[in-house]
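J.: Sequence plus the predicted model coming up.
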Amino acid sequence: DRGGGTVNVNGGSYVTNGTGSPAVYSTADVSVSDATLIANNSEAVVVEGKNSVSLTDCNVTGNMTGTYQDDSENIHNIMIYQSMSGDAEVGKANFTAEGGSITAKSGDMFYVTNTDCTISLKDVAFKLANEVFLRVEGNSSGRGWGQEGSNGGDVVLNAEKQRIEGQILVDEISSLKLNLTDGSGFTGCINPDGAEGTVDVTLSKDSTWTLTGDSYVSSFTGSTDNITANSYHLYVDGEQVL
């Protein structure tokens, strides 16, 4: 805390029961492997500021039961943010997960606000509580998380041999670079209500995207032959390409 450090955990079972008590809260570099992590009344994992969490073959469950202070906060399972409290240096955060499972019993799977981050996923089994896999957006600044109107998130999401289901939502002050590689599959939609932030999607020749709603992106790299439209449409920089 307040300056970083390194924590490595191998094996074991870890359970929290308090509100505002994630199984892993990182203001440093935390790596966990072959462990069970359960937060019964909180999000499962939080990364704050220029810090990281790396999970390998872990089974993770969160159940955020409500906001902890006011309604400006999102309900989520994994949060990556900058609180501006001085607990963590401002900079790019990293969340990495390989193997194992991540279960959300409430809220969105990922929520990113007021920070830059890279999320790297490989062969993780996700179980969602609602339709949102990733929400990248600003906040009201009611808790001091940056200045309203300029406290969005900038995310790079790298998916390798990864199945992703659900909506991805990026607001007008945020950005996303989504890279689907090595046989990954995305079943979902991006900003189904219309274009907002900057969203760049790269789909490798061995990866697929199955639309579950209209999707609006800024740029698309790959072949639309790898996209199953399901009677929905893909718009790239305002032009319908599917």
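T.: Received, thanks.

J.: how close does the residue nearest the centre of the chain sit to residue 137?
T.: Nearest to the mean C-alpha position of the chain, counting by C-alpha atoms, centre = their mean, stands residue 110 at 3.3 Å. For residue 110, the distance to residue 137 equals 11 Å [C-beta to C-beta, to the nearest Å]. For the C-beta atoms, the positions are set from N, CA and C on the backbone; glycine is no exception.

J.: Just the CA atoms of the helix or strand containing residue 55, as CSV, please.
T.: Residue 55 belongs to strand 52-56 when assigned by DSSP states H and E. What follows is strand 52-56 as a C-alpha-only set of coordinates in CSV (Å, rounded to 0.1, in the frame of the first residue of the first chain):
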residue,chain,number,x,y,z
SER,A,52,-1.5,-5.4,-11.1
VAL,A,53,-3.3,-8.6,-10.3
SER,A,54,-2.4,-11.9,-12.0
LEU,A,55,-4.5,-15.0,-11.6
THR,A,56,-3.4,-18.4,-12.8
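
J.: Would you mark the buried spots in the helix or strand following that strand?
T.: Towards the C-terminus, the helix or strand next in line after strand 52-56, according to DSSP H and E, is strand 59-62. Buried positions in strand 59-62, judged by neighbour count with 16 or more other C-beta atoms under 10 Å: 59, 60, 61, 62.

J.: What confidence value was assigned to the third one?
T.: At residue 61, the predicted lDDT confidence score is 98.

J.: For the remainder of this discussion, apply numbering that starts at 37.
T.: Got it, first residue is 37 now, which makes that one residue 97.

J.: I'd say it and residue 71 touch.
T.: No. Applying C-beta atoms under 8 Å as the test, residue 97 and residue 71 come out as separate, 11.9 Å apart.

J.: give me every residue that touches residue 95.
T.: Under the criterion of C-beta atoms under 8 Å, 6 or more residues apart in numbering, the contact partners of residue 95 comprise 71, 72, 73, 136, 137, 139.

J.: Return the set of residues that bridge with it.
T.: Assessed by DSSP bridges, residue 95 has beta-bridge partners residue 72, residue 137.

J.: Could you check how far it is from residue 168?
T.: The span separating residue 95 from residue 168 equals 22 Å under the rule C-beta to C-beta.
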